[in-house]
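**Q** Structure, please.
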Amino acid sequence: MNKLILPLVLISFVLFVNSCTTNNSDITTPNIVIIFCDDMGYGDLGSYGAGGYETPNLDKLACNGLRFTDFLSAHGACSASRTALLTGCYANRLNMPQVFGPNSQSGINPDEMTIAELLKQKGYATGIFGKWHLGDLEPFLPLQHGFDEYLGIPYSNDMWPVDYDGGPLTGESLNPGKANYPPLPLIEGNEVIEYLEGLEDQDRLTTRYTERAVSFIKKHRNEPFFLYVPHSMPHVPLGVSDKFRGKSRQGLYGDVIMEIDWSLGEIMKALEENSLIENTLVIFTSDNGPWLNYGNHAGSTGGLKEGKGTSMEGGVREPCIMHWPALIEAGQVSNRLASTIDILPTLADITGARLPGRKIDGVSILPLLKGDKDAEPRKSFYYYYHNNNLEAVRMGQWKLVFPHDHRSYKNVLPGNDGFPGPYSQGRAEYALYDLRRDPGERYDVKELYPEVIAKLEELAEKARNDIGDGLTGREGRNRRPRGNMND
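**A** I've put the predicted structure just below:
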């Protein structure tokens, strides 16, 4: 009898230890980690063809998870793309601008539900460590929109409240040759805790965000959590710690990407050390394509057309990797169309959280995470830019582009070492592209496929009636107001 008791005691002890150290064994309440880079190009990771530096942690994530090849940010610029990620809506539906400047009197409407508020329904702890950029005054900051903790900067790292002449300073007028910069606020909760006085202070941003993210994981290891890490990098001006400065063969930009890869590695290590890897969904992607006129301080589109600030594929197609061992089979690749607006409804589908009462534009892509090769949850996509301009529509492999003016990176030399080069003026003509054969959008095939044109025109009319279209003077029936300090 005694010989039987000892093994039973040991088994009971092991089960007890596992029950104490394993968080969220219920697959309907996985931990959620979203890492959202800034201005990262489609070709900036090793698993997407990057050269001149290594991204071993991200490559491992892709090998052990699901890598998307046709994943779109919902907009080609900062504030709008972050709005779309967090609300599951095209930013144009919510009247959010492309980019908020400092001291803006408007921001995300408190009536809109964010991912953080969605997951709070299910008891999730929520934290954001990084760039916000949905309004920098208190009513619009993260703690008012579902987050329990916040450390980060309120807008892009090339923006300061005033320049030397008292006017606004943005990336368009940034001169990295200045000896000193006006201060950039670092916010904890709702309060400015310090000012980043120069580029050397920005060198520690990636590390600071990472340290707080790791601390958050440890703090909440025994309850479900949502961790959002919107990195300030690789947006210019580039900042990197001494750990990685000079380490890549591609210069400072490569150093910065290597540190972002290190950051992911630290987060994964914290998950592993706290026995959380198995049931944590990690999503890695970016807000828009690279700012190409910064030359060697910009990323790579991987051969896609144009870059940040456009509706071409180089402006919105992003690397995206999802990792969740409890559900996602290792080594998967999906060429199905998907977008950042699909993340919120996917998380609702996973957790059973109630979707927002207002209309959203995302769809659940959970079947893709489950490996369903026949699933096609997203069949169409609207490419919006500027003042609610519908510049293109997508259906499957087909992309119909409408005539519009746009900034371009063609036929002008980029800058170097932190100095921007000029833009040229581009003009997109009415054109149909088959992105399966021509992801670079080089060959107009509209004369060959009139039936495809007809279907895409119907899709465009639906969008114009719903959200509007500045190019055709349509207001749209279902646009909603942004938040305003005067409301």
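**Q** Give me the helix or strand of this structure that scores worst on average pLDDT.
**A** helix 2-21 (a mean of 39; mean pLDDT, DSSP states H and E).
**Q** Following element in sequence after that helix, please.
**A** Reading on from helix 2-21 to the C-terminus, the next helix or strand found by DSSP states H and E is strand 31-37.
**Q** Please name every helix or strand in contact with that next one.
**A** helix 78-87, helix 115-120, strand 225-230, helix 252-273, strand 280-286 (3 or more CB pairs under 8 Å, 6 or more residues apart in numbering; DSSP states H and E). Quick note: C-beta positions are derived from backbone N, CA and C, even for glycine.
**Q** Could you spell out which stretches of this protein belong to which domain?
**A** Structural domains assigned to the chain are 26-378, 384-484, following automatic domain parsing.
**Q** for the longest one, the distance to its chain's centre please.
**A** Meaning domain 26-378. Its chain's C-alpha centre and that of domain 26-378 lie 4 Å apart, by CA atoms, centre = their mean, to the nearest Å.
**Q** Where does the prediction get shaky in the chain?
**A** For the chain, the stretches with pLDDT under 70 are 1-25, 161-182.
**Q** mind redoing it with 50?
**A** Low-confidence segments of the chain, defined by pLDDT under 50: 1-23, 162-180.
**Q** Helices of that one, residue ranges please.
**A** 2-21, 56-63, 78-87, 115-120, 199-202, 205-219, 252-273, 313-316, 343-351, 366-369, 450-466 (DSSP state H).
**Q** Same question for the last one: list its buried residues.
**A** Meaning helix 450-466. V452, I453, K455, L456, L459, A460, A463, R464, D466 (16 or more other CB atoms under 10 Å).
**Q** can you pull the contacts of the fourth one?
**A** In this case it means L456. V393, M395, W398, L400, L432 (CB atoms under 8 Å, 6 or more residues apart in numbering).
**Q** so which of those residues comes closest to T126?
**A** V393 (34.3 Å; CB to CB).
**Q** List the beta-bridge partners for that closest one.
**A** Y382, L400 (DSSP bridges).
**Q** Next one: it from S241, what distance?
**A** 43 Å (CB to CB, to the nearest Å).
**Q** Compare these two (neighbour count), which wins?
**A** V393 (23 against 17; other CB atoms under 10 Å).
**Q** nearest to M485, of the helices of the chain?
**A** Of those, nearest to M485 by CB to CB is helix 78-87, at 16.2 Å.
**Q** Mind giving me the ChimeraX select for the contacts of L456, buried ones only?
**A** To isolate the buried members of these in ChimeraX, using 16+ other CB under 10 Å:
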select :393,395,398,400,432
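**Q** Nearest to L118 among the buried residues of helix 450-466?
**A** Once CB to CB is applied, the member of the buried residues of helix 450-466 that ends up nearest L118 is D466, at 22.5 Å.
**Q** ok, and the closest non-adjacent residue to the closest one?
**A** N478 (5.2 Å; CB to CB, 6 or more residues apart in numbering).
**Q** can you check L72 too?
**A** S339 (4.5 Å).
**Q** could you pull out the strands for the stretch 101-250 of the chain?
**A** 106-107, 125-129, 149-152, 184-188, 191-196, 225-230 (DSSP state E, counting those that start in this stretch).
**Q** Present those strands as JSON lines; the columns should include mean neighbour count.
**A** Formatted as JSON lines, the strands of the stretch 101-250 of the chain follow (neighbours: other CB atoms under 10 Å):
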{"stretch": "strand 106-107", "mean neighbour count": "24"}
{"stretch": "strand 125-129", "mean neighbour count": "25"}
{"stretch": "strand 149-152", "mean neighbour count": "22"}
{"stretch": "strand 184-188", "mean neighbour count": "19"}
{"stretch": "strand 191-196", "mean neighbour count": "13"}
{"stretch": "strand 225-230", "mean neighbour count": "26"}
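**Q** Among these, single out whichever gets nearest to L252.
**A** strand 191-196 (17.9 Å).
**Q** helices or strands next to that closest one in the packing?
**A** Partner elements for strand 191-196 (3+ CB pairs under 8 Å, 6+ apart): strand 184-188.
**Q** Quick check: which of the domains of the chain is buried the most?
**A** domain 26-378 (a mean of 21; mean count of other CB atoms under 10 Å).
**Q** Look at it and report the distance between its end residues.
**A** End-to-end span of domain 26-378 (CA to CA, to the nearest Å): 27 Å.
**Q** which ones are touching the residue nearest to L72?
**A** Here S339 is in contact with F71, L72, S73, A74, A84, G362, R378, F381 (criterion: CB under 8 Å, 6+ apart).
**Q** would TSV of the residues you listed with distance to A91 be doable?
**A** TSV is the format used below for the contacts of S339 (distance: CB to CB, whole Å):
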residue	distance to A91
F71	17
L72	13
S73	10
A74	7
A84	5
G362	12
R378	17
F381	14
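**Q** My read is that K410 contacts S424, right?
**A** Yes - with contact defined as CB atoms under 8 Å, K410 reaches S424; the gap is 5.7 Å.
**Q** For T207, which of the strands of the stretch 101-250 of the chain is the nearest?
**A** strand 125-129 (11.1 Å).
**Q** and the closest one, which strands flank it?
**A** strand 149-152 (parallel), strand 225-230 (parallel).
**Q** Is it possible to get a markdown table of those that adds distance to E54?
**A** Shown next, in a markdown table, are the strands paired with strand 125-129 (distance: least, CB to CB, whole Å):
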| stretch | distance to E54 |
| --- | --- |
| strand 149-152 | 27 |
| strand 225-230 | 21 |
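**Q** closest to R442 out of the ones you listed?
**A** Going by CB to CB, the one of the strands paired with strand 125-129 nearest R442 is strand 225-230, 32.9 Å.
**Q** Now P422. Nearest residue, chain neighbours left out?
**A** Closest to P422 by CB to CB, 6+ apart is V412, at 5.2 Å.
**Q** and if you look at L85?
**A** T340 (4.3 Å).
**Q** Please report the distance of that neighbour from V192.
**A** For T340 relative to V192 (CB to CB), the value is 29 Å.
**Q** And for L456?
**A** Applying CB to CB to L456 and V192 gives a distance of 48 Å.
**Q** Contact partners for the spatially closest residue to V229 that is not a sequence neighbour?
**A** Nearest residue to V229, sequence neighbours excluded (CB to CB, 6+ apart): I35, at 4.8 Å. Contacts were defined as CB under 8 Å, 6+ apart; by that measure I35 touches V229, H231, S263, L264, I267, V282, I283, F284, T285.
**Q** Let me have those residues in JSON lines, adding distance to T55 as columns.
**A** Shown next, in JSON lines, are the contacts of I35 (distance: CB to CB, whole Å):
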{"residue": "V229", "distance to T55": "16"}
{"residue": "H231", "distance to T55": "14"}
{"residue": "S263", "distance to T55": "11"}
{"residue": "L264", "distance to T55": "9"}
{"residue": "I267", "distance to T55": "14"}
{"residue": "V282", "distance to T55": "15"}
{"residue": "I283", "distance to T55": "16"}
{"residue": "F284", "distance to T55": "10"}
{"residue": "T285", "distance to T55": "14"}
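**Q** P325: which of these is nearest?
**A** V282 (10.0 Å).
**Q** was I right about the closest one contacting M322?
**A** Yes - assessed by CB under 8 Å, V282 is found in contact with M322 at 7.0 Å.
**Q** Show me whatever sits in contact with both of those two.
**A** G65.
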